[in-house]
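Asker: Fold the following and give me the result.
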Amino acid sequence: MKGLKIMLNDTITYAGIADGLVSVILTNKEGPLTLSIGGMEADSRTHHVWMNKEICQGDRISISGIEMDECLLSPSELKVYPLSDEELLKCYDRLKQELEDEGVL
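Answerer: From the prediction side, this is the model:
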């Protein structure tokens, strides 16, 4: 799968989601400069947080896009956001349409 290799000084973090999104955000608002690396799985709405660290003057940050195996992924904090009934119905309708388009239904 495609993912990111993020180096903060000498620490390496690998982040990636097979079907979803990964974001790298540098925040400079109300407080210290912060580097956040997170992502969201498309189907399960599970949010991953790989990093949320304060950045100091002189820190070195490197971000590379890589092809990687899931075993390289750094551990992440997981947060699951439950779907509302309306969101579940939209998912059902989308999946039903995909199966109809493929001729399964």
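Asker: so what's the closest residue in space to K53 that isn't next to it in sequence up against?
Answerer: With C-beta to C-beta, 6 or more residues apart in numbering as the criterion, K53 has its nearest non-adjacent residue at 5.5 Å, and that residue is L35. Using the backbone N, CA and C atoms, a C-beta is placed for each residue, glycine as well. Residues in contact with L35, defined by C-beta atoms under 8 Å, 6 or more residues apart in numbering, are 8, 24-26, 51-53, 55, 61.
Asker: which residues sit against the least confident helix or strand in the chain by mean pLDDT?
Answerer: Within the chain, no helix or strand scores below strand 77-80, which has a mean of 84 by mean pLDDT, DSSP states H and E. The contact list for strand 77-80 (C-beta under 8 Å, 6+ apart) reads 44-49.
Asker: and the residues you listed as TSV, adding pLDDT and neighbour count?
Answerer: Shown next, in TSV, are the contacts of strand 77-80 (pLDDT from 0 to 100; neighbours: other C-beta atoms under 10 Å):
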residue	pLDDT	neighbour count
S44	79	13
R45	75	15
T46	86	16
H47	90	16
H48	93	21
V49	94	14
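Asker: which among the residues you listed gets closest to I17?
Answerer: Of all the contacts of strand 77-80, H48 has the smallest distance to I17: 6.8 Å, by C-beta to C-beta.
Asker: Can you tell me the SS state at that closest one?
Answerer: When classified by DSSP: H, G, I helix; E, B strand; the rest coil, H48 comes out as strand.
Asker: Pull the contacting residues for the closest residue to it other than its chain neighbours.
Answerer: What sits nearest to H48 in space, not counting adjacent residues and going by C-beta to C-beta, 6+ apart, is S76, at 4.0 Å. Counting by C-beta under 8 Å, 6+ apart, S76 touches 15, 39, 48-50.
Asker: For those residues, could you give me a markdown table that also reports distance to P82?
Answerer: Formatted as a markdown table, these follow (distance: C-beta to C-beta, whole Å):
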| residue | distance to P82 |
| --- | --- |
| A15 | 24 |
| G39 | 18 |
| H48 | 17 |
| V49 | 18 |
| W50 | 22 |
